[in-house]
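Student: only the shape, not the letters, is given here:
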Ligand SMILES: Nc1ncnc2c1ncn2[C@@H]1O[C@H](COP(=O)(O)OP(=O)(O)OP(=O)(O)O)[C@@H](O)[C@H]1O
Ligand SMILES: [Mg+2]
C-alpha cells in the first residue's frame, strides 16, 4: 500500500484561542517497501502526521490516501473499511509498554488480535499470538504465561509490538521505537524492525530523534519543522547540508559528521551514511 498526502493542514483546538497549527501544507509520498524515517525538532508535527495514517487524527484539510483507503477531508467515511485499515496500518505509540494491562503476555497480545477479529476461534487466536511472539523474538513457550510486568523494559516493548503485529499489518508505524532503551536494547530493537521489514510488514515508518538509527536503517527520510516538511530524500541527500541541519535543530549522524570533517581536510568520502558503506569507502581510499 502506498501512502500519498497532499496539502495536509491540521490545527489543534481549532477556532479557540488555544489553537495550534500542527501540520502546514504537508505533501509526502511513502512507497510500499520503504523503511521511512520521520525526523524533526520537538513539536514539529511528527506524531500528528503519523496519527493521520490510520485515522486516529482525522484529516481537516487536504488529501490522504493509504492504499485504496481515502482518508481525505472530503471523502466519505465507512466505519467497516476504517476498521480494516486500522488492522493493516499498525501503530506503535511512544512507550507502548505503558499500555500493557493484562496479567499474562498471552492475554495482552490476544487483546490486539480479538479487537479486530472478534469472531476468530480460540485456536486461531492462539496461533496468531504465538506467531507474533516468535516474530518479536520472545519464545512463546517461555513467555506466553508470564506477567508482562515482570519483564525488562525491552521485553515489555516487544510484547507491545507483538500486540500490534498480531494482525499482520502491511504498514507498521512506530513513534520513537527505541526511546528510553539502553544502547544494546536500541540495537536489538532496530534489528528486530529490520527482520520484521524483511519477513512481515512491507513498509515501516519510524519517528526518531536518533540520527544514527535513521541513517543506518531508513532508505528515505522526511524532515519536519514547524509543521512543514522542509527536506525529504535519502539520508545522504537529507544530511548533505550540515549547516541547514543545525538550523533545523538536528544533528548529523556520526557517519555524516565524519564525512564532513574529512571533507574539510580534503578527503572526500562519498558514502550512503551507513556504517558499512562508510568503512568500505575508507578502506578503498586507504588502498587507492
Ligand atoms: N492534543 C493536543 N492538543 C493541542 N496541541 C497539541 C496536541 N498534540 C500536539 N499539540 C501541538 O501540536 C504541535 C505538534 O505536536 P506533535 O506532537 O505532532 O510534535 P512532535 O514532532 O511529535 O514532537 P515530539 O518530538 O516532542 O514528540 C506542537 O506544537 C504541540 O504542542
Ligand atoms: Mg511526537
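Tutor: In hand now; what should we look at? Bear in mind that the values here come from a model prediction, so they are computed numbers and not experimental data. Numbering: from 1, shown residues only. Ligands and ions are numbered 1, 2, ... in the order given.

Student: just give the closest residue to the residue nearest the centre of the chain, not the sequence neighbours.
Tutor: Central residue of the chain (Cα atoms, centre = their mean): residue 206, 2.0 Å from the mean position. Leaving aside its chain neighbours, residue 206 sits nearest to residue 174 (5.0 Å; criterion: Cβ to Cβ, 6 or more residues apart in numbering). (Glycine included, C-beta is placed from N, CA and C.)

Student: ok, residue 39 next?
Tutor: residue 223 (5.5 Å).

Student: checking the one you found next. Helix, strand or coil?
Tutor: Secondary structure for residue 223, judged by DSSP: H, G, I helix; E, B strand; the rest coil, is strand.

Student: start to end distance for stretch 168-188?
Tutor: The first residue of stretch 168-188 is 21 Å away from its last residue (Cα to Cα, to the nearest Å).

Student: my hunch is that the residue nearest to residue 206 is in a strand, does that hold up?
Tutor: Yes - under three-state DSSP, residue 174 falls within a strand.

Student: pretty sure it is touching residue 197, no?
Tutor: No - in this structure, residue 174 is not within contact of residue 197 by Cβ atoms under 8 Å, at 11.3 Å.

Student: overlap in contacts of the two?
Tutor: Residues touching both residue 174 and residue 197 by Cβ atoms under 8 Å, 6 or more residues apart in numbering: residue 204.

Student: higher neighbour count, these two?
Tutor: residue 174 (24 against 17; other Cβ atoms under 10 Å).

Student: any idea how far the more buried one lies from ligand 1?
Tutor: Remark: distance between residue 174 and ligand 1 (Cβ to the nearest ligand atom, to the nearest Å) = 13 Å.

Student: over to residue 97?
Tutor: 17 Å.

Student: ok, and the closest non-adjacent residue to that residue?
Tutor: Closest to residue 97 by Cβ to Cβ, 6+ apart is residue 156, at 3.6 Å.

Student: what comes up buried for the helix or strand hosting that neighbour?
Tutor: Take DSSP states H and E as the rule and residue 156 turns out to sit in helix 153-165. Of the residues in helix 153-165, 154-165 count as buried by neighbour count, 16 or more other Cβ atoms under 10 Å.

Student: which bits of this protein sit near ligand 1?
Tutor: Contact residues (Cβ under 6 Å from any ligand atom) of the chain with ligand 1: 12-13, 20, 22, 40, 42-48.

Student: quick one: the strands in the stretch 101-250 of the chain?
Tutor: Secondary structure of the stretch 101-250 of the chain by DSSP state E, counting those that start in this stretch: the strands cover 171-175, 203-207, 220-225, 228-233.

Student: in CSV: the ones you listed, plus mean pLDDT.
Tutor: Below are the strands of the stretch 101-250 of the chain laid out as CSV (pLDDT from 0 to 100):
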stretch, mean pLDDT
strand 171-175, 96
strand 203-207, 97
strand 220-225, 98
strand 228-233, 97
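
Student: kindly reformat those as TSV containing distance to residue 282.
Tutor: Below are the strands of the stretch 101-250 of the chain laid out as TSV (distance: least, Cβ to Cβ, whole Å):
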stretch	distance to residue 282
strand 171-175	32
strand 203-207	27
strand 220-225	23
strand 228-233	24
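
Student: domain assignment for the protein?
Tutor: Annotated domains of the chain cover 3-252, 253-288 [automatic domain parsing].

Student: quick check: the residue nearest to residue 97 vs residue 126, distance?
Tutor: 21 Å (Cβ to Cβ, to the nearest Å).

Student: repeat for residue 106
Tutor: Per Cβ to Cβ, residue 106 is found 8 Å from residue 126.

Student: please name the nearest non-neighbouring residue to whichever residue of the stretch 151-288 of the chain sits closest to ligand 1.
Tutor: Here the stretch 151-288 of the chain gets closest to ligand 1 at one residue, residue 224, 6.0 Å apart by Cβ to the nearest ligand atom. With Cβ to Cβ, 6+ apart as the criterion, residue 224 has its nearest non-adjacent residue at 3.2 Å, and that residue is residue 40.

Student: quick one: residues contacting the one you found.
Tutor: So residue 40 contacts 46, 223-225, 248, 250 (Cβ under 8 Å, 6+ apart).

Student: swap in residue 212?
Tutor: Residue 212 sits next to 253-255 when contact means Cβ under 8 Å, 6+ apart.
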